[in-house]
Structure formats: C-alpha cells, structure tokens
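Asker: give me coordinates for this.
(4 chains)
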2 protein chains.
Amino acid sequence: MDQEITIDASGASGQRGPTDHKRRQQILQAAAEHFRLYGYRKTTLADIAKAINLSTPYLYKFFDSKQAIGEAICSHCLGAVLSEVEESVAATNSPVEKLRRVFVGLEQQGWRVLNEEPKMHDLVCASFEEGWGSVGWFKEGIFEMIRKIVVQGRESSEFERKTPLEETCRAIARMTELFFHPTLLRQAGKSQKEETLAVANVAIRSLTA
Amino acid sequence: MDQEITIDASGASGQRGPTDHKRRQQILQAAAEHFRLYGYRKTTLADIAKAINLSTPYLYKFFDSKQAIGEAICSHCLGAVLSEVEESVAATNSPVEKLRRVFVGLEQQGWRVLNEEPKMHDLVCASFEEGWGSVGWFKEGIFEMIRKIVVQGRESSEFERKTPLEETCRAIARMTELFFHPTLLRQAGKSQKEETLAVANVAIRSLTA
DNA sequence: TCATTTACGAATTATTAATATCGTAACTCG
DNA sequence: CGAGTTACGATATTAATAATTCGTAAATGA
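Answerer: So this is what the prediction gives:
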C-alpha cells in the first residue's frame, strides 16, 4: 500500500505456512513500517494485524513468533546493506580497491542505519545480542563477498597464495565487524572513516605480502 | 584485611581529597570485594562504608561519585589484564611472537574475567558502554604495547618500515578489540582461540610484507 | 479445505506507590 | 584544621499490582 517493494523473507527462520502468499507480504510491510516508526519492542502483533485488518492469531499462520517477523525485517535491512556494499564493490575491478570498499561500505551503511533509521538499528542490535539467524546469514554474506575478492586477487597474482584461503578470509571478515557491529557502532558514537581505512589497509597489506 | 595488595587509583578520574590516604585504600579494597561478590549495581555506598566503619558521606572526601569508585576498581582490573599480557609478551624476544601473544593474551584474559569474575565483567561492560576514563586508559596501554613491539620489529628488520607507524599500530590495536571487548566477548559466549590467532596472523603478515 | 475469528491461559510489560540510595551542606569533636 | 557525623532533598530503585501482549486451541464460515 505504501511501498511497492516486496520483502523477501526467505532466509529468515521461524517462518511457517504458505510462502509467497499475499498476506505474508502485507504482514511484512505493515511490520516494517511499524518497526521503523515505533520500534520493534513497542509495536504489538495487534498493531500489525490491525493495520491490515486481520486478527492477531492469524499472523501465526505465517510466522512462528513475533521474533520471527523481527528476523525477517532484520534480514531485509541487513540484505539492503549487503546489496549496497556489493554494488560499490562491483564498480571497480581492482581487488585491492574492492576490499577497501567492503570495509568502507560496511562502515558507511552501518552508520547510515544508526542515524537515519534508529529504530531499525535497535532491531539490529537485538538481533546481534540474541544471536538471531539473520546475523549468521549476514556474516556469511560478508565472508562470501571477501572470499570472492581474495580468490580473484590470487588469480590475478595481486594477492599472495600461500596462506589458507578460508582462514584468511574468515579473519578479514571478522575484522570488518569492528565497523558494522551495531553495539560497537553505537558506543563509537561517530563515523570512523579513518580507522576503517587504516584497518582495511592492514588487511590489504597482509594479502599483498 | 583480606588482601595485602594495594589498589592504585591514580589514572582513574573522579578522585578527590588526599591521595595516598589510608582511608582511600580501605574504601577501594572494600569496594573491590563487594563489587566482585555482589556486583557494582547491587553494592551501595552504605555497604562499602559500613564494611570499614565509616559513614556514607565521608566517602565523598575521596571520590566524586560512586562511578568514580567503579572506575578505580575497573582500572585496577584492566590493569591486571594488561600486566598479565605484558608479562607474557616479555617472555619472548621475537616481535612476531610478541604480537601474537598480545592478541592471544587479551583473548585469554578477557575470557578469564568473563568466567571467573562475572561481576567484574559486568563492571567492565558498564565502563565500556558508558565510556569511562578507565577504558581509554586501557586502550592506550594496548596501543603503547603494540607500538613498542612494532618499533622493535622494525629496528631488527623483521617488520617493514614503509607504512606510518602510528596509523598502523592504532589499526592493530583496534583489531585486538575484537577479542577483549566485553560486549563482544559475552555475545561470543565461547573462547575464540582459533579466530584470535587467525586475525593475529593477518596483522603479522601485514607487517612482515 | 483454506481463510479467518473467538475465546482464553501464560508470560510479559506498564503503572504506581513505597522505599532506598546518592550526593550536598552544615555540624561536631579532638 | 583534619577526621568524621547528622540531617536532608532529589533521584533512582524495588515491589506489588494491574493491564497488555504473546501465542494456542478450538470454532466459524466460504
């Protein structure tokens, strides 16, 4: 009704009932709007149901729990972050520059969510604190992105080929966490472009050894 | 009465009145014991005062606030962590091994506090969340430790000398945070020796380039 | 059979009042 | 004056209670 975009809930756990059902879409869109405006904790299932003229219990035809809806919305938000970063990465061919853009892009996007969608940031915080499925999925996305870049860099001989691929990429993925982890982001309180670049450079130098 | 060790409060902010006063020591020791047993939040100033037969307001002769006492105890705890790591670092001459020990040592010590002194861990969490002075002091200590190691490594030609010292060391110091930051530690829920070593290796390779 | 609701118990979350705690100022004692 | 206390207000915390909210089961209609 509001936005024409569809929210892909596949990937988030806690789903049930028919996928690709019109109601699921409505629920997710109503939830997204309410979460963004009033926050996850303050919106009740009744709010969501009412917004699309349904009774509360019917939501359970599509989701296991309120948290399951939260996870779906969170996945969508994190998915958007990942897409932005992927796009930025795709816009250059240099593996070194790609890697730098992963770090900088994640920092920027994390900062954007914190500032422009504070309620969403809260939701992301909760998902990290409670270890929801959406987090693992997101981290895996980052790891894959980095792995591809490193593989490309090794093929073009810009990166070394001695160290174990998996271990190295996991470590670098882990390092990006310093700049997108919502709790750290909040504690930092300000953008950290400088620091991000410095850490990215460490990662890059370790590969170009 | 309990422990013969003295707690050095210099470095922590929020202190007032005579330094090196017998009462300050008593307050700090009583506070340390209560914080460790019952937690920062649950111990009241009255508890501390009563333990050494003082009235509550007299504590304010030595500390600006309850938080100031918390900071002092927190500094002491973090100082102990730093000492342990420094000792481990001092036990080898290889800069590479030293650097590895900074990472591994911090991870170990962080994990130890989380498990063996959970109430202290809560206090450390609070200090990070609220950005107490003790945190900046601790991070600066790590940075200094790393800087010395890198300088030594450069002098012995084991490390490269092209990259700016300050920036590089700040970045590496930042990377260690992944394994001692109390919030991340709690969220991880388990020891991460493997990951720590992997990230340490990235730092080391970036220097031996 | 699929879409949906009503009825309802358990668990969680506001609300509020009572209490405790923090921190200051002024006071006492030797 | 240095060591310490008493008295006290503003703020935070706890406890008890009332009200919501989550989530299930069984029921209703198309």
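
Asker: for the spatially most central residue of chain A, pull up the helix or strand it's in.
Answerer: Chain A has residue A:78 as the residue nearest its centroid, 2.1 Å off, counting by Cα atoms, centre = their mean. Using DSSP states H and E, residue A:78 sits in helix A:66-90.

Asker: and the angle for the helix or strand following that helix with helix A:66-90?
Answerer: Remark: after helix A:66-90, the chain's next helix or strand is helix A:95-116, criterion DSSP H and E. Relative orientation of helix A:95-116 with respect to helix A:66-90: 140 degrees, computed using axes from the mean of the first three to the mean of the last three Cα atoms, to 10 degrees.

Asker: residues of chain A that sit close to DNA strand C?
Answerer: Chain A has residues A:18, A:21, A:23, A:41, A:42, A:53, A:54, A:55, A:56, A:57, A:58, A:61 near DNA strand C, with proximity defined as Cβ under 7 Å from any atom of the strand. Yep, even glycine has a C-beta here, placed from its N, CA and C like the rest.

Asker: among those, name the ones in strands.
Answerer: Secondary structure assignment by DSSP state E places none of these in strands.

Asker: for DNA strand D, tell me which of these show up nearby.
Answerer: Answer for these near DNA strand D (Cβ under 7 Å from any atom of the strand): A:56, A:57.

Asker: what subset of the residues of chain A next to DNA strand C is buried?
Answerer: Neighbour-count burial within the residues of chain A next to DNA strand C applies to residue A:54; the criterion is 16 or more other Cβ atoms under 10 Å in any protein chain shown.

Asker: nearest to residue B:8 among the residues of chain A next to DNA strand C?
Answerer: The nearest member of the residues of chain A next to DNA strand C to residue B:8, counting by Cβ to Cβ, is residue A:41 at 42.2 Å.

Asker: which pLDDT value belongs to that closest one?
Answerer: The model reports residue A:41 with a pLDDT of 96.

Asker: contacting residues around it?
Answerer: residue A:122 (Cβ atoms under 8 Å, 6 or more residues apart in numbering or on different chains).

Asker: same question, residue A:73
Answerer: Residue A:73 touches A:7, A:28, A:31, A:32, A:35, A:40, A:123, counting by Cβ under 8 Å, 6+ apart.

Asker: is the closest residue to residue A:100 other than its chain neighbours within a helix or a strand, and which one?
Answerer: Nearest residue to residue A:100, sequence neighbours excluded (Cβ to Cβ, 6 or more residues apart in numbering or on different chains): residue A:200, at 4.9 Å. When secondary structure is defined by DSSP H and E, residue A:200 falls within helix A:193-207.

Asker: go through that helix and flag the buried ones.
Answerer: A:195-207.

Asker: which other residues reach that helix?
Answerer: With Cβ under 8 Å, 6+ apart, helix A:193-207 has contacts from A:96, A:99-100, A:102-104, A:107, A:150, A:153, A:159-160, A:168, A:172, A:175, A:178-179, B:163, B:167-168, B:170-172, B:174-175, B:201-207, B:209.

Asker: shouldn't residue A:133 be in contact with residue A:74?
Answerer: No - at 9.2 Å, residue A:133 does not count as touching residue A:74 under the criterion of Cβ atoms under 8 Å.

Asker: now the common contact residues for the two.
Answerer: residue A:12.

Asker: of those two, who's got more company?
Answerer: Taking other Cβ atoms under 10 Å in any protein chain shown, residue A:133 and residue A:74 do not tie; residue A:74 has more neighbours (27 against 18).

Asker: confidence score at the more buried one?
Answerer: pLDDT at residue A:74 comes out at 97.

Asker: measure it to DNA strand D for me?
Answerer: 15 Å (Cβ to the nearest atom of the strand, to the nearest Å).

Asker: over to residue A:104?
Answerer: 37 Å.

Asker: what number of residues lie near that residue?
Answerer: 17.
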